[in-house]
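>>> Here you go, sequence then predicted model.
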Amino acid sequence: MKGPDGGSLIPWLLMASGPAVDVAKDQVAHPWLAGTGLAVFCVLYVCAVRSGFSDRYKGGPVPVRLLIAQAAVTLALTLAYGGNWLLLFPLLSLACGVSARGRRLGMVLIGLSVSSGVISGMVHHESFWNTATLSYGTFLSGLVVSVILTLFDAVHMLKATRQELARSAVAEERMRFSRDLHDLLGHTLSVIVVKSEAARRLAPRDMDAALTQVADIEAVGRQALTEIREAVTGYREGSLATELDRARSALSASDIEVVVRESGPPLPPQAEALLGWVVREGVTNVVRHSGASSCEIELRSAGGKARLTITDNGSGVNSAAAATTAHRIGTGLKGLSERLAAAGGSLDSGPAQRRGFQVTAELPVEEEYAA
């Protein structure tokens, strides 16, 4: 629904037709002066209303100055003539409702209402009901306009917020999808490459072992297709035990000795899924980038926290090879860090104490699982 604009309140100038008729019928003193004053009032009213809606002048000094000038003309005309000219007060109130907001508007409307009542009842001796009606109408005119404009502003803000939320949701879904594809395909392709190399090395001397590696490649490929379908629909929940088994297989196929240590009670499904991603990404980086001969994976859960550490004895981040792949490693770890942070956890990575590289993930665990 389109909101009011600068032309919405112009038709209300019909309220000035009464004073215009008085001027036309020569029913006021000094008609030319009264007509000039009425014309000035109408021009100021139109300018004040349009400047109140203008993006250029809204909120600046121009609408305020126009309202002050309009108020001065209104007081002069109503004090001089009364009668139909008192209807200029509601018009002035309408113009004030466009530009003023909050407490300032309340003070202005009260001042206009009191002024109209004093001029009507005490200066021109209008009846009580005429004076009360004029004061009430003056106050209500500006209030209604201000409320309507405030409501339309709120509607526009809600629409803008809804659009921004929709854009954020799309961006977040794209980010989730890109992270899932990176983690899924990066790990899977690394395992396929490693097992393909193992099959090529074994084929000349042990065909059965080579065929076993080929069968593993087929199984990994099928599982990757399933996981990609699940990632697209957003329902993939990784199993930590499954990821640890895959880690053992991938590291062994790369001639990397692996040691897995687990202690503590079982973890909740969400924590298992997140730590499964950490195992997947960490082991993928060990296989592809570390040049390590051994890798240790340690999982501990106690005291309301789960801690997963992946440590290798490779070249770490100081070698030239590691420097060339730092950006690719960082991309995956950054995605993991965002996942863990969303669940209240953290991810740290860097050189190990002695040699190699270490990835440490921590997650809060519900008390019933940590007990």
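Here it is on my side, so go on.
>>> Helices of the stretch 201-350 of the chain, residue ranges please.
Per DSSP state H, counting those that start in this stretch, the stretch 201-350 of the chain carries helices over the ranges 207-233, 240-253, 269-285, 320-324, 326-342.
>>> wait, which of these is closest to Arg300?
Smallest distance to Arg300 across these (C-beta to C-beta): 11.2 Å, for helix 269-285. Placement of C-beta: from N, CA and C, glycine included.
>>> what stretches of the stretch 101-250 of the chain score poorly on pLDDT?
Where the stretch 101-250 of the chain drops to pLDDT under 70, the residues are 173, 176-177, 180, 183-184, 187, 229-238.
>>> Go through stretch 186-202 and flag the buried ones.
Buried residues in stretch 186-202, counted by 16 or more other C-beta atoms under 10 Å: 186-188, 190-192, 194-195, 198-199, 202.
>>> I'd like the helices of the stretch 201-350 of the chain as CSV, with distance to Gly137 appended.
Compiled in CSV, the helices of the stretch 201-350 of the chain are given as follows (distance: least, C-beta to C-beta, whole Å):
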stretch, distance to Gly137
helix 207-233, 61
helix 240-253, 73
helix 269-285, 62
helix 320-324, 78
helix 326-342, 56
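>>> so of the buried residues of stretch 186-202, which ones are in helices?
Judged by DSSP state H, the buried residues of stretch 186-202 include 186-188, 190-192, 194-195, 198-199, 202 as members of helices.
>>> quick one on the thing from earlier: pick the most deeply packed of the helices of the stretch 201-350 of the chain.
Of the helices of the stretch 201-350 of the chain, the one with the most neighbours on average (mean count of other C-beta atoms under 10 Å) is helix 269-285, at a mean of 23.
>>> Run through who's touching that helix.
183, 186-187, 190, 237-244, 246-247, 250-251, 267, 295, 297, 299, 306, 308, 310, 329, 332-333, 335-336, 339-340, 343, 345, 347, 357, 359, 361, 363, 365, 369 (C-beta atoms under 8 Å, 6 or more residues apart in numbering).
>>> any chance of the ones in helices among the buried residues of stretch 186-202 in a markdown table, plus distance to Glu272?
Shown next, in a markdown table, are these (distance: C-beta to C-beta, whole Å):
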| residue | distance to Glu272 |
| --- | --- |
| Gly186 | 20 |
| His187 | 17 |
| Thr188 | 20 |
| Ser190 | 22 |
| Val191 | 20 |
| Ile192 | 25 |
| Val194 | 25 |
| Lys195 | 25 |
| Ala198 | 29 |
| Ala199 | 31 |
| Leu202 | 34 |
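>>> so which of those would you say is closest to Gly52?
Gly186 (58.2 Å).
>>> Excluding chain neighbours, what is closest to the closest one?
Thr284 (5.4 Å; C-beta to C-beta, 6 or more residues apart in numbering).
>>> Ala34 too?
In space, not counting the residues next to it along the chain, Ala34 is nearest to Val28; the distance is 4.7 Å by C-beta to C-beta, 6+ apart.
>>> sorry, back to before: among the buried residues of stretch 186-202, which one sits closest to Gly59?
For the buried residues of stretch 186-202, the nearest to Gly59 is Gly186 (52.5 Å; C-beta to C-beta).
>>> Compare the helices of the stretch 201-350 of the chain and give me the one nearest Ser116.
Nearest of the helices of the stretch 201-350 of the chain to Ser116, taken as C-beta to C-beta: helix 326-342 at 59.5 Å.
>>> Taking the centroid of this structure, which residue is nearest it?
By C-alpha atoms, centre = their mean, the chain has its centre lying nearest to Leu165, at 5.3 Å.
>>> Which strands and helices lie in contact with whatever helix or strand that one lives in?
Counting by DSSP states H and E, the element that carries Leu165 is helix 128-202. Contacts defined by 3 or more C-beta pairs under 8 Å, 6 or more residues apart in numbering; DSSP states H and E place helix 128-202 against helix 88-99, helix 102-118, helix 207-233, helix 240-253, helix 269-285, helix 326-342.
>>> Mind doing that once more with 10 Å?
Packing partners of helix 128-202 (3 or more C-beta pairs under 10 Å, 6 or more residues apart in numbering; DSSP states H and E): helix 31-53, helix 88-99, helix 102-118, helix 207-233, helix 240-253, helix 269-285, helix 326-342.
>>> Can you convert the ones you listed into CSV and add a column each for distance to Ser178?
Compiled in CSV, these are given as follows (distance: least, C-beta to C-beta, whole Å):
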stretch, distance to Ser178
helix 31-53, 44
helix 88-99, 48
helix 102-118, 46
helix 207-233, 10
helix 240-253, 20
helix 269-285, 14
helix 326-342, 8
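>>> what's the closest of those helices to Trp129?
Smallest distance to Trp129 across these (C-beta to C-beta): 11.8 Å, for helix 102-118.
>>> Can you tell me what sits against the closest one?
64, 67, 71, 74-75, 78-79, 86-90, 92-93, 96-97, 99-100, 126, 131-132, 134-143, 145-147, 150 (C-beta atoms under 10 Å, 6 or more residues apart in numbering).
>>> 6 Å instead?
Under the contact criterion C-beta atoms under 6 Å, 6 or more residues apart in numbering, helix 102-118 has outside partners 89, 93, 96, 100, 131, 134-135, 138-139, 142, 146.
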